[in-house]
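>>> sequence plus the predicted model coming up.
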Amino acid sequence: MKNSKYVLLAVALAAFGTLGAGLYAQFVEHMYPCPWCVVQRYIFAAIGIIALVTAFLPEHFTRIGAGLGMLTALGGIGAASWLMWVQAHPSVSCGIDPLETSLNKIITAKLLPFLFKADGLCTTEYPPILGLTVPKWALVWFIIFTITLAWTTFRRKR
């Protein structure tokens, strides 16, 4: 099961890396996060924290932590899919989103506004990065995390 610890550390590193990529897009490329982007940031942060903490817990917690991370990543698939749907149907999002108001009142948005404050619109079209839009990249990463954490959760002990 020692390999599982390395897998969890890799997942944590990749999840925190996606947050770093989001900050780069926000501050360097001026791609401001919408409310659903911020929801996805929370999910990436949760996956990273769960994987990191689980990697340092005793081995019998590995499957539990990986399973919890997998369920969180499934939630990320839902959030990224919803954002892609909203972008495909721009009439759904209008003006000030009630989700934005709620998200910006959470304590983490006040403590870390550079990371968790929503100040963009879901329907804003930014240029694709290597052929994919930001929500599609998020979806790809959530799928990778789901598969990796499912493998860690359900594989047999040797």
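Thanks, I have the structure now.
>>> and the residue nearest to Thr62 when sequence neighbours are not counted, its phi and psi?
Distances taken as C-beta to C-beta, 6 or more residues apart in numbering put Ser4 closest to Thr62, at 4.7 Å, once the chain neighbours are dropped. C-beta coordinates here come from the backbone N, C-alpha and C atoms, glycine included. Dihedral pair for Ser4: phi -60, psi -40, per degrees, to the nearest 10.
>>> gap between the residue most central in space within the chain and Arg156?
Closest to where the C-alpha atoms of the chain average out (C-alpha atoms, centre = their mean) is Phe44, at 2.9 Å. From Phe44 across to Arg156, the span is 29 Å (C-beta to C-beta, to the nearest Å).
>>> do Ala88 as well
Applying C-beta to C-beta to Ala88 and Arg156 gives a distance of 41 Å.
>>> and these two? which has more neighbours close in?
Neighbour count, other C-beta atoms under 10 Å: between Ala88 and Arg156, Ala88 has more, with 9 against 4.
>>> need the contact list for Gln87.
Gln87 makes contacts with Cys122, Thr123, Glu125, Thr133, Pro135, as judged by C-beta atoms under 8 Å, 6 or more residues apart in numbering.
>>> how about 10 Å then?
For Gln87, the contacting residues are Cys34, Trp36, Ser93, Cys122, Thr123, Thr124, Glu125, Thr133, Val134, Pro135, Lys136, by C-beta atoms under 10 Å, 6 or more residues apart in numbering.
>>> check Ala109 too.
Neighbours of Ala109 in contact, by C-beta under 10 Å, 6+ apart: Val38, Tyr42, Ser102, Leu103, Leu115, Phe116, Lys117, Ala118.
>>> tell me the buried residues within the residues you listed.
Neighbour-count burial (16 or more other C-beta atoms under 10 Å) applied to those gives Val38, Tyr42, Leu103, Leu115, Phe116, Lys117, Ala118.
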